[in-house]
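Undergrad: need coordinates for the below:
(2 chains, ligands or ions: 1)
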Amino acid sequence: MRDVYVAGIGITSFTRLEYPLAEIAAFPAMLAMKDSGLTGIEQVYVANMGAARVNHQTALASAVVDSLSLTPAGAASIENGPASGSAAIKEGFLAVASGMHDIVLVTGAERMREVNNLEATDFIATLTHPLAEYIYGVTLPSHAAMFTRLYMEKYGVTERHLAMVAVKNQNNAMLNEFAHLHQPITIEGILDSPEAMTNNPYVAEPLRFFDACPVSDGGAAVILVSEEVAKSIDRPLVRIAGVGQATDTHAVHERENPTDLLAVRRAAELSFGMAGLTPSDVDVAELHDAFTILEIAESEEVGFFAKGEGHIALEKGETALDGRLPINPSGGLKGKGHPVGATGVGQAHEIVHQLRGEAGARQIADARIGFTCNFGGFGNNVICLTFVREN
Amino acid sequence: MAREIYAYECTECGTLHYPFKMRCRNCGELEPFKFKTVPLPKRGKLLTFTKVYNLPAAYEVATLGIAIVELANGIRVTGQLEVDDPTIGMDLLGDVGVVREEPYNRYWGFIFRAA
Ligand SMILES: [Zn+2]
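TA: Have a look, this model is predicted:
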């Protein structure tokens, strides 16, 4: 297998965007082409979850490659639920690693604020088991809530720990110009004050409003290239050193131990194994915090902390911007936003930004090794990527 | 007519599955549809639950209880929960009722109440 490098990155604001979906995919792609100085794209992968259902558009990649005037390059859409972004990066990685292509564009985009919140929630809920979950009114917040309750019982996680994740990530988002939420929050405001229960009502007990990420539009792109191309341009060398993907049962109730996220565990092991690195080597990570509990649980399953101790590391500030292992410096899904199909590419964007030393006020000093976890379904399709800064 | 929800027993090795799978997760038999239906028991214990406030478009109620329940034969299922003050581990009794109504469709599934 050939080495694969990230030569260029681009991103839109994650917010409500008033332009067509194909343009949300094309805009960050143009930024990434400009960033890398490369326009000779041979293959395009477009990550998206909702085009057919939410935007009434199919074959999105064909529209994007044309909008970018990149025809006759190859193009394909990748729909893999909330892990579409990293699944598209994996395809791009394989295309370059195999030797088939030298320059591949991966762009992710979602436009889900075109519909109201109830419809958006229903759209995401269609990834649950149609007969054993969806028909009951099960949503992603319900899965996260039932998981949180067990985590609280078993490991002593409290609503305060969840609020600490929300505060940390929304405060990180304040330093990210592309983030959806630029709203500073405090534990006092969302948990302790008399107004807290009005500010922060339950959405699915024991999860509250501020435990969930916002519904975002947005796009992000990366350009993946061979070593030869990477060394021919004047950009910092960031290599994708590890790619791990794993799956778990579709119906959550079928999992033997309902507090395990086995696909996260395995995807991380595969990613670190391929990179020849360990979790303790990581300088900065973006974990899929669609719900606050997920940052805590994933930080354990990927191997940063022992099972049941993620909330203790959080309490000690180890995952803060100035901590031993900063998690979600971008603001995460919680603060930066979650345009579902684009999220995995957005995570990669932040890690490359950090490893290049270009992250401004939220820059992690001397970050050399970065890691992403993109969590599809309710943990039934997970992709972890390991990035290394080389020069 | 009373409705029933079934588990799927592999006729090769006896492993129970819910929901249905094309291929047995235990023995991996490749001959399709080698399962027989087995009615699921109605009694179970509450494994975890939530009360949901922002519901998908099809529901015209203020809140909805959702639970994962371990039935008496060890099979776990997801269902709706109609218990005022649920606690993990409590005994439940499941009934099959309408769990979702759309203009031209009704869906039947588990509704659990205190035993
Ligand atoms: Zn079998």
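Undergrad: tell me how chain B divides into domains.
TA: Here the domain assignment for chain B is B:6-39, B:43-114, based on automatic domain parsing.
Undergrad: how about a markdown table for those, with mean neighbour count added?
TA: C-beta: built from backbone N, CA, C; applies to glycine. Shown next, in a markdown table, are those (neighbours: other C-beta atoms under 10 Å in any protein chain shown):
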| stretch | mean neighbour count |
| --- | --- |
| domain B:6-39 | 14 |
| domain B:43-114 | 17 |
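Undergrad: out of the ones you listed, which comes closest to A:Tyr202?
TA: The closest approach between A:Tyr202 and any of the domains of chain B, judged by C-beta to C-beta, belongs to domain B:43-114 at 5.7 Å.
Undergrad: got the end-to-end distance for that closest one?
TA: Between the opening and closing residues of domain B:43-114 lies a distance of 10 Å (C-alpha to C-alpha, to the nearest Å).
Undergrad: tell me the gap between that domain and the middle of its chain.
TA: Per C-alpha atoms, centre = their mean, to the nearest Å, the displacement of domain B:43-114 from the mean C-alpha position of its chain is 8 Å.
Undergrad: what about it, near chain A?
TA: Yes. Judged by C-beta under 8 Å from any C-beta of the partner chain, domain B:43-114 and chain A are in contact via B:47-59, B:64, B:66-68, B:76-80, B:88, B:99-100, B:107, B:109-110.
Undergrad: same question for that domain, mean pLDDT?
TA: The pLDDT scores in domain B:43-114 average 95.
Undergrad: show me what contacts A:Ala173?
TA: Taking C-beta atoms under 8 Å, 6 or more residues apart in numbering or on different chains, we find A:Ala173 in contact with A:Ala179, A:His180, A:Leu181, A:His182, A:Ser330, A:Gly331, A:Gly332, A:Lys334, A:Gly335, A:Lys336.
Undergrad: just the buried ones from the residues you listed?
TA: Buried subset of these (neighbour count, 16 or more other C-beta atoms under 10 Å in any protein chain shown): A:Ala179, A:His180, A:Leu181, A:Ser330, A:Gly331, A:Gly332, A:Lys334, A:Gly335, A:Lys336.
Undergrad: quick revisit: the domains of chain B: which one's closest to A:Leu294?
TA: domain B:43-114 (15.2 Å).
Undergrad: dump the host helix or strand of A:Met30 to PDB, restricted to CA.
TA: Counting by DSSP states H and E, the element that carries A:Met30 is helix A:21-36. Extracted in PDB, the C-alpha atoms of helix A:21-36 (Å, rounded to 0.1, in the frame of the first residue of the first chain):
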ATOM      1  CA  LEU A  21     -26.600  21.200  -1.400                       C
ATOM      2  CA  ALA A  22     -24.300  20.600  -4.300                       C
ATOM      3  CA  GLU A  23     -22.800  24.100  -3.700                       C
ATOM      4  CA  ILE A  24     -22.400  23.300   0.000                       C
ATOM      5  CA  ALA A  25     -20.200  20.400  -1.200                       C
ATOM      6  CA  ALA A  26     -18.400  22.400  -3.900                       C
ATOM      7  CA  PHE A  27     -17.500  25.400  -1.800                       C
ATOM      8  CA  PRO A  28     -15.100  23.700   0.700                       C
ATOM      9  CA  ALA A  29     -13.800  21.600  -2.200                       C
ATOM     10  CA  MET A  30     -12.700  24.800  -4.000                       C
ATOM     11  CA  LEU A  31     -11.000  26.000  -0.700                       C
ATOM     12  CA  ALA A  32      -9.200  22.700  -0.500                       C
ATOM     13  CA  MET A  33      -8.000  23.000  -4.100                       C
ATOM     14  CA  LYS A  34      -6.800  26.500  -3.500                       C
ATOM     15  CA  ASP A  35      -5.100  25.400  -0.300                       C
ATOM     16  CA  SER A  36      -3.200  22.600  -2.000                       C
END
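Undergrad: what's the nearest residue to A:His288 if we skip its chain neighbours?
TA: A:Phe375 (3.7 Å; C-beta to C-beta, 6 or more residues apart in numbering or on different chains).
Undergrad: over to A:Ala97?
TA: Closest to A:Ala97 by C-beta to C-beta, 6+ apart is A:Met1, at 4.4 Å.
Undergrad: how close does the one you found get to A:Ile240?
TA: 11 Å (C-beta to C-beta, to the nearest Å).
Undergrad: how about A:Ser142?
TA: Taking C-beta to C-beta, one finds A:Ser142 at 34 Å from A:Ile240.
Undergrad: so how far is the ion from the closest residue in space to A:Thr319 that isn't next to it in sequence?
TA: Nearest residue to A:Thr319, sequence neighbours excluded (C-beta to C-beta, 6+ apart): A:Ile327, at 4.1 Å. Plainly put, A:Ile327 is 41 Å away from the ion if you go by C-beta to the ion, to the nearest Å.
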